[in-house]
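Asker: coords below, sequence missing:
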Ligand SMILES: Cc1ncc(COP(=O)(O)O)c(C=O)c1O
């Protein structure tokens, strides 16, 4: 028998483990939705919106059908359009930039801070032009962007800040949960997220009642009164079943976040004496550890070694947005954002989820140590 056959595989993510712990609650919540036949929006979604707004400390939460839709609505609500520019990060999931493109505006990339992988406030000022309409940082991997300096720059120039918090439910910036720092904040509830639906889902948060009312209309074909359409809208409604599932899962989120942080701290301890660059929290941050991303120049070999030993891993993200084919027309080239490019070459996401056992964490560390021992 080879070592491979005798060792336990470590999944990159285990959604079944989470579901096992909450299955009875989930079944009851889904049954309620079926009994009500409230399939699109409805009472479960309304309740979840209230609960999630309270959790984040926001006045309004608008449930939608994906994080991408939430970002798109944010751009529409801010009246960003053709010829406008939005300053954002090249090191993120592509949907952050889609929102800007959907309204015909141009993503203007600014390099990341090398330590946190998030938009570097020191570089933002120089990218502002008369066409700039908003600044869109991302709380990448669950680690908040440095919001105070970003907000100061925005205030100086009269620009709204939009948080892409798709990966950062419950992450804290100076002890306050993210999602209410910007004029608008966007969350994704894609199943693998820290707060994940059983399908697609997203939400938009704001303190502004006028924007909230407009967002509610926009997600429902631009109508606040049935069959009367004040502006061209979208079908971005959250499904009733997703609202029900998210309502149950939200009750567990704080516990799951601390369990993720426990896994991250164990990795910190176990991997401290390896040549890997480990993720570090900035002084201002409490990361929600959506991902645990290590860095090394031999990343591709290490990935192969982990996979050969049945340890799941992933790349977030292998190619920064300014070098993606879909954005070739923006005219960026390799070398424009050296920190983002280096991060893309070196990053490797290790398994992390709340239910991850000590044995599995130790197994990941053991396989990594074995890689470096081999030289
Ligand atoms: C940073 C970021 N922004 C936006 C999105 C888009 O969210 P969704 O997949 O729910 O549309 C995601 C999720 O994949 C994300 O990670």
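Answerer: Yep, that arrived. Being a predicted model, the structure only gives us computed values, none of them experimental. Numbering: from 1, shown residues only.

Asker: would you say residue 100 is within a helix?
Answerer: Yes. Assigned with DSSP: H, G, I helix; E, B strand; the rest coil, residue 100 falls within a helix.

Asker: Quick check: it touching residue 80?
Answerer: Yes. Residue 100 is in contact with residue 80 according to Cβ atoms under 8 Å; the separation is 7.2 Å. Glycine gets a C-beta too; all of them are placed from N, C-alpha and C.

Asker: overlap in contacts of these two?
Answerer: Residues within reach of residue 100 and of residue 80 at once, by Cβ atoms under 8 Å, 6 or more residues apart in numbering, are residue 86.

Asker: how about the residues of this structure that lie near the ligand?
Answerer: Residues of the chain found near the ligand (Cβ under 6 Å from any ligand atom) are 66-68, 92-93, 95-96, 138, 164, 166-167, 188, 190, 202.

Asker: Those residues in strands, which ones?
Answerer: 164, 188, 202 (DSSP state E).

Asker: show me what contacts the closest residue to the second one other than its chain neighbours?
Answerer: Looking back up the chat, that one is residue 188. The shortest distance from residue 188 to any non-neighbouring residue, by Cβ to Cβ, 6 or more residues apart in numbering, is to residue 67 (2.6 Å). By Cβ under 8 Å, 6+ apart, residue 67 lies in contact with 95, 164, 166, 186, 187, 188, 189, 190, 202.

Asker: per-residue pLDDT, the fifth one?
Answerer: Same thing as residue 187. Note on residue 187: pLDDT of 99.

Asker: swap in the one 10 residues further on?
Answerer: With respect to pLDDT, residue 197 scores 98.

Asker: residues in contact with it?
Answerer: Contacts of residue 197 by Cβ under 8 Å, 6+ apart are 189, 190, 191, 242, 245, 246.

Asker: I would like a ChimeraX command selecting only the buried ones among those residues, please.
Answerer: Buried residues among these (16 or more other Cβ atoms under 10 Å), as a ChimeraX selection:
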select :189,190,242,245,246
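
Asker: Hmm, residue 178 and residue 57 touching each other?
Answerer: No. Taking contacts as Cβ under 8 Å, residue 57 lies outside contact range of residue 178: 10.0 Å.

Asker: These two: who's more crowded?
Answerer: Under the criterion of other Cβ atoms under 10 Å, the comparison of residue 57 against residue 178 puts residue 178 first, with 28 against 13.

Asker: Next up, the contacts around the more buried one.
Answerer: 56, 139, 144, 147, 163, 165, 168, 171, 172, 185.

Asker: Quickly list what the last one is bridged to.
Answerer: Think residue 185. Assessed by DSSP bridges, residue 185 has beta-bridge partners residue 163, residue 205.

Asker: Where does the prediction get shaky in this structure?
Answerer: Within the chain, the stretches with pLDDT under 70 are 1-6.

Asker: could you show me where the helices are in it, in order?
Answerer: 3-6, 15-36, 43-56, 67-77, 95-102, 121-124, 147-157, 209-219, 240-250, 253-271, 299-308, 338-346, 358-374 (DSSP state H).

Asker: How many residues are close by residue 25?
Answerer: For residue 25, using other Cβ under 10 Å, the count is 16.
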